[in-house]
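In: Need a 3D model of the sequence below.
(one chain, ligands or ions: 1)
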Amino acid sequence: MVKFILLVVVTVIGFAANSTELIVTDGQVRVPMPGRTVTAGYFTIQNNTTESVRLTAVKSSAFERAELHQHSHQDGVMRMEQVTHIAIDANTSVTLQPGGLHLMLFDPVQPLLAGESVMVSLSFSNGQQLDLSMPLTEMPRR
Ligand SMILES: [Cu+2]
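Out: Predicted coordinates for the structure are as follows:
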C-alpha cells in the first residue's frame, strides 16, 4: 500500500514537472491591406509553468521588423504604442487580439497570401523560444 501511494506521488510530481511549459494557440497573421506594408498578428499564450513569464521579443522571417503593441484609448481616440514585454502570470493565459495587445509587423520581405503561413519566433524571459508557423488570414471588412 505504501509502495502504491509512493508511486502515485512520484507520478503526480512527474506530471507537474512535465507541465512546465508555454503553449501558443490560435496564431494568425493578417494579410496587409492593399498598398500597406504594416499588419498585425494575434495569438494566445498559455503559461503552464509555476512562474510568471514575460514575452520579451518577437521576430518573423517574413517581415523586416516586428514589435509588441498595445491599444489604448486617449481622449476618445484609439491609439497604439509599443510595449517592451507582455507578462503572462503562472497558470494564466494572455490573448493578443484586435483592439488589444497585438503583434505589429512591418515591411514584408515575401508575398503574403491568405491560406499560406509565416514563421513567427517568440522569445521569453525564461530563455524559452518558440518558433511557430502562423496562417495568413484576410483582414475582416468593416
Ligand atoms: Cu500596432
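
In: Report the contact partners of Val24.
Out: Counting by C-beta atoms under 8 Å, 6 or more residues apart in numbering, Val24 makes contact with 43-46, 122, 130, 132. For every residue, glycine as well, the C-beta is placed using N, CA and C.

In: Nearest to His69 among these?
Out: Phe43 (13.5 Å; C-beta to C-beta).

In: List the beta-bridge partners for the closest one.
Out: When bridges are taken as DSSP bridges, the partners of Phe43 come out as Leu96.

In: With the one 4 residues further on instead?
Out: The partner list for Asn47 in beta bridges (DSSP bridges) reads Leu22, Thr92.

In: cool, and Leu132?
Out: Bridge pairing for Leu132 - DSSP bridges - gives Val120.

In: who's in contact with it?
Out: Each residue near Leu132 by C-beta under 8 Å, 6+ apart is listed here: 24, 27, 43, 119-122.

In: so which of the contacts of Val24 also contact the ion?
Out: With C-beta under 5 Å from the ion as the criterion, the contacts of Val24 include none near the ion.

In: which one of those is nearest the ion?
Out: Of all the contacts of Val24, the one with the least separation from the ion (C-beta to the ion) is Phe43, at 14.6 Å.

In: OK, contacts around the closest one?
Out: 24-28, 95-96, 103, 120, 132, 134.

In: before we move on, the earlier item: who wins for most neighbours among the contacts of Leu132?
Out: Val120 (25 neighbours; other C-beta atoms under 10 Å).

In: Wait, that residue touches Met134, no?
Out: Yes - using C-beta atoms under 8 Å, Val120 makes contact with Met134 at a distance of 5.2 Å.

In: on that earlier part again, looking at the contacts of Phe43, which is nearest the ion?
Out: For these, the nearest to the ion is Leu103 (8.2 Å; C-beta to the ion).

In: for the strand or helix carrying the closest one, the distance to its chain's centre please.
Out: Using DSSP states H and E, Leu103 sits in strand 102-108. Strand 102-108 sits 13 Å away from the centroid of its parent chain (C-alpha atoms, centre = their mean, to the nearest Å).
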